[in-house]
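S.K.: A predicted structure for the sequence below; I have some questions about it.
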Amino acid sequence: MPLTFAYGSNLCVASMAARCPRAKRLGLARLPKFRFALLPNGFATLVRDPAAMTPGVLWEVSFGDLAALDRYEGVAEGGYEKLVLPVIRDKGGAVRVLVYLGRPNGSRERAPPGYMESIVAAAAEQGLPRDHVEFLRACGGLVPETPPPKFRAIKNEKII
C-alpha cells in the first residue's frame, strides 16, 4: 500500500478519516531539504531548502484512498503534484513516500477561513515539535499560543 507524507491539512486525523477511511497513521517523519510555505492562494506547500527539515505524519493509504486524496488535492486540475521523496521515520530508517506539493498557479480558489488554524491544531495534536507548531502559527498570522516573556529593567546605580 502507498505511503504519503502529510505536512498541512492532511495532518488532521478526522479529515483524513473522512477522505481516506482505510488510511493508517504510521507515526511521525521528517522530510529533509524542504520547508513549509504558503501559496499565493493561502494553501500549504513545501519548497526546496537545503538547510530545512519539515516534520509531518506518515500515512499508509489504500489505492482507493489514494485516488480520493488525488481528487482532494486537485492533482488532475494541476493544483498539486505528487513526488516520490525520501523521508526519515522517527522510529525506523528512511523510506520513499508520496508528497503532494502545491503549484503556485495551480488553483484559482482561495484557502477557506480557518485553514491555517486547523493545520496548527492538527500539528499540535499529532505531536509535531513545538517550534514547528509555532512556526505554522506565525505563517498563518496567528497569535502565539503563549505570549513572549516580559522583561523588567532593573536599575542599579552602583553599576553605572
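M.R.: That came through fine.
S.K.: quick check: next helix or strand after the longest strand anywhere in the chain?
M.R.: Assignment by DSSP state E gives strand 44-60 as the longest strand of the chain. Following strand 44-60 in sequence order, the next helix or strand is helix 63-73 (DSSP states H and E).
S.K.: what segments of the chain are strands?
M.R.: So, for the chain - with DSSP E - the strands run 3-6, 24-38, 44-60, 80-89, 94-102.
S.K.: now the second one, how far from the centre of its chain.
M.R.: Going back to what we said before, that points to strand 24-38. Relative to its chain's centre, strand 24-38 lies at 6 Å (Cα atoms, centre = their mean, to the nearest Å).
S.K.: and that strand, what does it pack onto?
M.R.: With contacts taken as 3 or more Cβ pairs under 8 Å, 6 or more residues apart in numbering; DSSP states H and E, strand 24-38 sits against strand 3-6, strand 44-60, strand 80-89, strand 94-102, helix 130-139. Every C-beta, even on glycine, is put in place using the N, C-alpha and C of the backbone.
S.K.: by how many degrees do that strand and strand 80-89 diverge?
M.R.: Strand 24-38 and strand 80-89 are oriented at 120 degrees to each other (axes from the mean of the first three to the mean of the last three Cα atoms, to 10 degrees).
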